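A structural model of the following input is requested.
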Amino acid sequence: MSSIATRLRPAPPLLLGAGLLFWGWQTGFLVYAIPMALLLELSRLLRWRSTVTDREYNLISDISGLVFFILVVYIFSSDGAGGIYKILSIMPFILYLLILSQVYGERGTIRLSVLFISLRKLEPDKTLDMNREIDLSLPYFLLCIISASSGNREPVLFFLILCILVAVVLWSVRPRRYHPLLWAGLLALSLSLAYAGQTGMKQAQRSIEMILMDVFEKYMWRYRDPDRASTAIGSLGRIKLSDRILLRVDTDKIPEKPLLLREASYTNYGYSVWSNASSEFQLVDPDVTPGSWTLQTEKGKSSITINTYKIKEVEVAPLPHGTTSIYDIDAFDIERNAYGTVRIESRDGWISYRADYETDRIHDAPPNRNDLHVPERLRKDFNQLVREWQLEERNAAEIIQTVQRNFSEHYKYSLNNRSRYPRGRYLHDFLFDSKKGHCEYFATSTVLLLRAAGIPARYAVGYSVNEYSELEEQYVVRGRDAHSWVLAHVDGSWRIVDTTPPVWIPLARKNTSLLESVFDLVAWLKYRYARWQTDDNLEEEINNTDYLLWLLPPLLLFLLWRLYRSKRPEKSEQPVAGHNTGHRERHGSDSAMYQLITRLEQHGYYRRPGETLAAWFHRLGVESGYKQFMQAIELHYRYRFDPARNDENSIRLHLDRIVDRILATGLPAIDQQLTEPADRRDQPSPN
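Numbering: from 1, shown residues only. Down below sits the predicted model:
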């Protein structure tokens with residue numbers, strides 16, 4: 001099959017080697033880039049060439065493509081979207097065998113069909129113009145440049161070297177009819193515009209990130225995944241901190257140090273992501289007292305009230321470590337996993353709950369093998385740090401004390417990260433070079449370092465309570481108060497280890513807006529209105545009655561007027577027993593409680609005249625499922641009679657689930673049955 005010579009020129013001498021060295025320096029692959037560059041450039045000195053057939057070229061290309069596909073699947077499955085930088089950084093490896101075969105091949109070029117399988121399937125007469133010979137040296141050089149950008153060390157020097165390399169390429173392909181000075185001037189202008197453009201793109205990126213973050217906070221807010229937490233480790237630029245108030249906290253006493261509210265804990269780390277292999281949630285049985293759940297039998301020494309906003313019905317709840325009970329909450333269910341994460345099922349919007357706690361007693365599950373695992377690619381660095389800090393011969397308490405002291409004395413807190421390091425080099429740089437980072441660097445490094453020293457440890461995320469609002473007379477927690485810390489298992493119990501320098505709190509407030517007080521006032525007014533509108537807090541209702549007393553006289557007059565104007569039934573219209581004379585269906589007539597009542601009556605258990613549902617169930621002896629029956633009664637009354645309900649569908653669905661659960665598991669044993677004759681049994685409708 002004949003071919004047409006390509007118009008793509010070969011790369012100038014030494015350009016391929018320079019591109020590979022530039023890529024190796026940027027991405028940390030310099031030890032591989034040096035022999036790769038030497039082997040390619042030696043082809044200009046050596047006269048030896050090999051005969052490489054099209055079939056062999058096709059085989060090399062297919063193997064390279066298969067390896068690339070496998071690596072892409074593996075990297076994206078382990079690193080997520082952040083793996084794109086790692087894929088870019090390894091591209092020169094993937095195509096190296098192909099370019100090596102070309103420079104040492106007799107032809108010095110390859111056919112396009114080597115790269116595109118579709119061209120191999122066409123008829124020879126149809127591929128005459130398409131299957132031309134090409135030289136891969138310049139495309140491979142450009143690939144090295146693109147891959148080098150994934151590292152992006154020392155941006156200014158990177159841009160200068162890049163300009164030099166691009167100038168060499170453009171000089172080799174410049175039109176000869178133009179004067180070199182004109183060419184140089186146009187090149188300088190183009191490079192100046194490129195520098196200004198990339199600077200503007202950075203500013204635009206930051207602005208877009210701020211806009212997207214505001215949108216995220218408004219519509220997605222702070223939903224926490226209990227099984228996965230992505231960190232900002234390895235991200236470029238300044239970490240954006242939000243001033244938005246997420247929580248409001250009222251404590252029974254002033255905390256001696258910032259109180260940590262945990263949302264979740266994780267055990268597995270890989271490429272800036274913490275996760276849990278398995279975190280099944282177990283339902284917590286409610287107490288007899290409505291709105292109360294006991295997590296531990298011990299009584300907590302401290303108490304706290306938390307007001308938070310829920311965007312979903314089931315969400316993770318921020319709670320202090322060692323929470324023993326949750327109460328004064330309007331919730332359907334509460335569940336907990338082995339890592340101490342608690343989820344609450346309730347209506348969305350602002351909710352309030354109280355929690356008793358004792359931080360000295362953390363009731364998470366005992367450690368497992370994952371709590372001692374250090375990823376293979378990071379093990380060398382942390383083993384080195386264990387030796388340098390002399391942690392081998394120390395006991396657990398001394399190890400933790402030494403780790404806290406070293407991080408406090410030799411490391412600094414910073415929200416700026418100017419470099420991206422592939423293959424996990426960001427932690428290496430933090431530990432041994434820059435020694436600067438935010439709380440996720442400190443917490444992640446501490447977890448892995450304690451594990452390398454033989455102490456089980458977990459990664460915890462949540463919020464730090466440290467700002468008291470004189471306006472609201474309670475603590476407020478903002479987006480910038482998000483924090484990460486460590487749970488270490490020492491002497492048979494978990495304890496909190498926070499190695500982030502305390503200076504992070506004032507630094508996080510350093511760049512606050514001058515209008516923050518105005519925004520806080522608006523946020524507080526919106527919060528008070530939302531709480532009043534949802535009628536969520538009973539105490540607020542009682543306190544607000546003083547302000548609403550002036551409404552009682554006109555409301556009373558209005559009620560009397562309506563009663564007077566209402567149409568009275570005529571004497572001839574006598575109600576018929578067992579029939580409803582009204583034309584409108586009563587609200588709540590579709591309550592699942594009627595299904596349960598009907599089933600009981602079908603079994604021969606009837607209510608006495610005037611007997612309440614609670615008294616009836618108690619008389620029938622349903623102690624084995626008493627909590628479920630009482631919860632069903634409460635939801636039934638709320639669904640039928642609560643005039644201020646704004647979560648009617650949620651109440652009805654939750655009531656349906658409880659009744660289905662009672663009917664599915666069978667009716668409980670009845671201690672006492674009514675034995676009145678059938679003609680005396682009264683079957684009144686429930687209230």
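
how about the helix or strand containing residue 62: buried residues?
Using DSSP states H and E, residue 62 maps to helix 54-79. Of all the residues in helix 54-79, those buried under the rule 16 or more other CB atoms under 10 Å are 57-58, 60-61, 64, 68, 71, 75, 79. C-beta here means a position set from N, CA and C on the backbone, and glycine is covered the same way.

with stretch 249-257 instead?
By 16+ other CB under 10 Å, the buried positions in stretch 249-257 come out as 249, 251, 255.

pipe those residues into a markdown table and attach pLDDT and distance to residue 363 per row.
Formatted as a markdown table, the buried residues of stretch 249-257 follow (pLDDT from 0 to 100; distance: CB to CB, whole Å):
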| residue | pLDDT | distance to residue 363 |
| --- | --- | --- |
| 249 | 91 | 21 |
| 251 | 87 | 21 |
| 255 | 74 | 20 |
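
mind listing what the most centrally placed residue in the chain touches?
Geometric centre of the chain, nearest residue: residue 229, 4.5 Å, by CA atoms, centre = their mean. By CB atoms under 8 Å, 6 or more residues apart in numbering, residue 229 lies in contact with 264, 266, 273-275, 459, 461.

looking at those, which is nearest residue 488?
residue 459 (11.0 Å; CB to CB).

helices or strands up against the helix or strand hosting the closest one?
Using DSSP H and E, residue 459 sits within strand 457-465. Other helices and strands packing on strand 457-465, by 3 or more CB pairs under 8 Å, 6 or more residues apart in numbering; DSSP states H and E, are strand 245-251, strand 259-266, helix 439-452, strand 474-478, strand 482-490, strand 493-497.

can I get the contacts of residue 229 in CSV with distance to residue 340 and neighbour count?
Output for the contacts of residue 229, formatted as CSV (distance: CB to CB, whole Å; neighbours: other CB atoms under 10 Å):
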residue, distance to residue 340, neighbour count
264, 8, 26
266, 11, 25
273, 20, 17
274, 14, 26
275, 16, 17
459, 12, 25
461, 12, 23
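
now name the helix or strand holding residue 190.
Assigned by DSSP H and E, residue 190 falls within helix 180-215.

about what we covered before: output the contacts of residue 229 in a markdown table; the columns should cover distance to residue 638.
Shown next, in a markdown table, are these (distance: CB to CB, whole Å):
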| residue | distance to residue 638 |
| --- | --- |
| 264 | 31 |
| 266 | 37 |
| 273 | 42 |
| 274 | 40 |
| 275 | 39 |
| 459 | 40 |
| 461 | 35 |
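
of these, which is the nearest to residue 632?
Nearest to residue 632 out of those is residue 264 (CB to CB; 31.7 Å).

residue 339 is in contact with that closest one, correct?
Yes - if you go by CB atoms under 8 Å, residue 264 and residue 339 touch, sitting 6.9 Å apart.

so what sits against both of these two?
By CB under 8 Å, 6+ apart, residue 264 and residue 339 have these common neighbours: residue 226.

wait, residue 348 sits on residue 530?
No - between residue 348 and residue 530 there is no contact under CB under 8 Å: 11.4 Å.

rewinding a little: show me the two of the contacts of residue 229 that sit farthest apart.
Across these (CB to CB), the longest gap, 13.2 Å, separates 264 and 273.

number of residues surrounding residue 558?
The tally of other residues near residue 558 (other CB atoms under 10 Å) stands at 10.

give me the element it is part of.
Here residue 558 is assigned to helix 552-565, by DSSP H and E.

now residue 312
Counting by DSSP H and E, no helix or strand carries residue 312.

next, it: phi, psi?
In terms of degrees, to the nearest 10, the main-chain angles of residue 312 are phi -130, psi 160.

equivalent analysis for residue 143, please.
Backbone torsions for residue 143, taken as degrees, to the nearest 10, come to phi -60, psi -40.

that one and residue 88, how far apart?
Counting by CB to CB, to the nearest Å, the gap from residue 143 to residue 88 is 9 Å.

okay, now residue 148: neighbour count?
If we define neighbours as other CB under 10 Å, then residue 148 has 28 of them.
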